[in-house]
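J.: Here is my input, please return the structure:
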Amino acid sequence: MERKAVVIGAGPAGLTAGWELARRGVSVEVLEKDALVGGIARTEKYKEYFFDIGGHRFFTMVPEVEELWHEWMGDQFLLRPRLSRIFYNGKFFHYPLQAMDAIVGLGFWESSRIILSYLQAQLWPYRDEETFEQWVSNRFGRRLYEVFFKTYTEKVWGIPCSEIRAEWAAQRIKGLTLPAAVRNALFPPKGEVIKTLIEEFQYQERGPGMLWERVVQLLEERGSVVHLQTGAVRLLRDQRRVTGVVVRHQGSERTMDATDVFSTMPLSELIPMFEPAPPEEVLAAARGLRYRDFLTVVLILDEADIFSDNWIYIHSPNVRVGRIQNFKNWSPAMVPDASKTALGLEYFCDAGDILWEMPDEDLLDLGASELKQIGIAQDADVLDGVVVRQLKAYPIYDSHYGELLTVIKDWIMGLENFETLGRNGLHKYNNQDHSMLTAILGVRNALFGEDNDLWEVNTERSYHEEVRVPVDKSGPVDILDA
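T.: Take a look at the predicted model:
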């Protein structure tokens, strides 16, 4: 029987899966419920201003992904300088943290508190590292956790750090400790050190969406189809095989037959779509998974230069904004007029809450007032703006997700011709490159009978932007990279 694949979702994982299938001669149809491809890695546009949802640098330690990027785009990448800082207590700190920069910025008294707190954590550590709070406090001391980790992390997730699982910290934070950072700063080591590649990254002239639009073009040249504004509504199965996908476009439904199905949609939405339905415990587990949404308030300012960072993390508890992107510092082509600046203020929230439901005009006013409050754009005139909302941006690592995910995973892995891929398809906080890697390995599972565990991709492969390099005594020492 000729193979015919249906891929649900046209983000990085879905389009990569489509490409890996099509290049091997498999007929592919990709479904995307939105009008743009790329998922969170899409490029939005407003009056010739382009902006990146979430910020997507093209950097990876995965050679298969690096090869694909350049196979698709050739040398059409910009090499951009990277600068990101933390704004805390009215001051800017380099991010990833640099030991001496942090000590000078915090002052003698606060730095002393941090060191004493660290010593206390070494004498009386948490015996069980079950939560984010315990994991970070054991490695950095409770005071540094409170200064540089707690406020921002709780803004992002909307729950106390005591409810976030330690595995998220282990996945996202580099394995350095406070004394190692200070020791390396005061007494530079000989030989090789781990150093984060913070100096520069690759980027597309008009954002990451350019790459995914190119992949769509390449797929169509091979006879595959990407259906926009077309969503999956039911997955038909016969025992352990998925036989077709019922899709809806402009109010009309039809069934696509398939020999292989790949899904990147959130598991909480996917599991209830199966017919016949999975067992009740699987349905209940899917209902229990939680997600964090966010919205971006884009403000266009009558100012040529606001700050030189690509983005700034706002750790101040006095404002709601969590991170601010400066789009022209990603690429000058993102802004049509060099005398203007477009900033993207990211607010983490839950769909249906007060912030999410706030009218766009009020959100624009909130963004402008918070820019002035924190002193980043005190006198800049706001000329225009737009709001973009993003559902289910981050799968939440709460106290229940692990056991729920195990139930779902066991059931899904019992299906013979079905793979879930990407961040939401695996309920794992994957970056763009790891989402792509799950697609590459998932297609190999389907076509060649390999047994790659996609749920462990981010754990087994190097997440961190780091390499071992000869010691540069003038360079920064990084405490974390999240």
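
J.: low-confidence ranges in the stretch 51-200 of the chain?
T.: 97, 99, 172-198 (pLDDT under 70).

J.: what's the neighbour count on the residue nearest to residue 149 when sequence neighbours are not counted?
T.: Leaving aside its sequence neighbours, residue 149 sits nearest to residue 136 (C-beta to C-beta, 6 or more residues apart in numbering; 5.1 Å). For glycine as for every other residue, the C-beta is placed from the backbone atoms N, C-alpha and C. Per other C-beta atoms under 10 Å, the neighbour tally for residue 136 reads 26.

J.: ranges for the strands of the stretch 1-150 of the chain?
T.: Residue ranges of the strands in the stretch 1-150 of the chain, as given by DSSP state E, counting those that start in this stretch, are 4-8, 27-31, 43-46, 49-52, 78-81, 84-88, 91-95.

J.: Which stretch among those is buried most, on average?
T.: Greatest average neighbour count among these goes to strand 4-8 (a mean of 26), per mean count of other C-beta atoms under 10 Å.

J.: The nearest residue to residue 59 once chain neighbours are set aside and residue 354: what is the separation?
T.: Sequence neighbours aside, residue 201 is the residue nearest to residue 59 in space, at 4.7 Å (criterion: C-beta to C-beta, 6+ apart). Look at residue 201 and residue 354: by C-beta to C-beta, to the nearest Å, they are 35 Å apart.

J.: and if you look at residue 411?
T.: Residue 411 sits 36 Å away from residue 354, taking C-beta to C-beta as the criterion.

J.: Look at the two and report which has more neighbours.
T.: Neighbour comparison, residue 411 and residue 354: the larger count goes to residue 411, with 18 against 8 (by other C-beta under 10 Å).

J.: what's the helix or strand for that one?
T.: helix 401-412 (DSSP states H and E).

J.: And for residue 390?
T.: Counting by DSSP H and E, the element that carries residue 390 is strand 382-395.

J.: helices and strands around that strand, which ones?
T.: Counting contacts by 3 or more C-beta pairs under 8 Å, 6 or more residues apart in numbering; DSSP states H and E, strand 382-395 packs against strand 291-301, helix 360-374, helix 422-426.

J.: Which stretch among the ones you listed is buried most, on average?
T.: Of the helices and strands packed on strand 382-395, the one with the most neighbours on average (mean count of other C-beta under 10 Å) is helix 422-426, at a mean of 29.

J.: Show residues contacting that helix.
T.: 9, 11-14, 39-40, 263-267, 270, 291, 392, 395, 420, 429-430, 435, 438-439, 454-455, 457 (C-beta atoms under 8 Å, 6 or more residues apart in numbering).

J.: and if you look at stretch 368-377?
T.: For stretch 368-377, the surrounding residues in contact (C-beta under 8 Å, 6+ apart) are 87, 90, 299, 301, 303, 306-307, 312, 314, 316, 318-321, 324, 343, 345, 378, 380, 382, 385.

J.: Please tell me how far the closest residue to residue 92 other than its chain neighbours sits from residue 332.
T.: Sequence neighbours aside, residue 85 is the residue nearest to residue 92 in space, at 4.5 Å (criterion: C-beta to C-beta, 6+ apart). Distance of residue 85 to residue 332, computed by C-beta to C-beta: 20 Å.

J.: what's the answer for residue 51, then?
T.: Counting by C-beta to C-beta, the gap from residue 51 to residue 332 is 14 Å.

J.: excluding its backbone neighbours, what's nearest residue 133?
T.: Spatial nearest neighbour of residue 133, excluding adjacent residues (C-beta to C-beta, 6+ apart): residue 161 at 4.2 Å.

J.: what number of residues lie near that neighbour?
T.: Neighbour count for residue 161, taken as other C-beta under 10 Å: 21.

J.: Then residue 249?
T.: Residues near residue 249, counting by other C-beta under 10 Å: 14.

J.: Any figure for the gap between it and residue 237?
T.: With distances taken as C-beta to C-beta, residue 249 is found 22 Å from residue 237.
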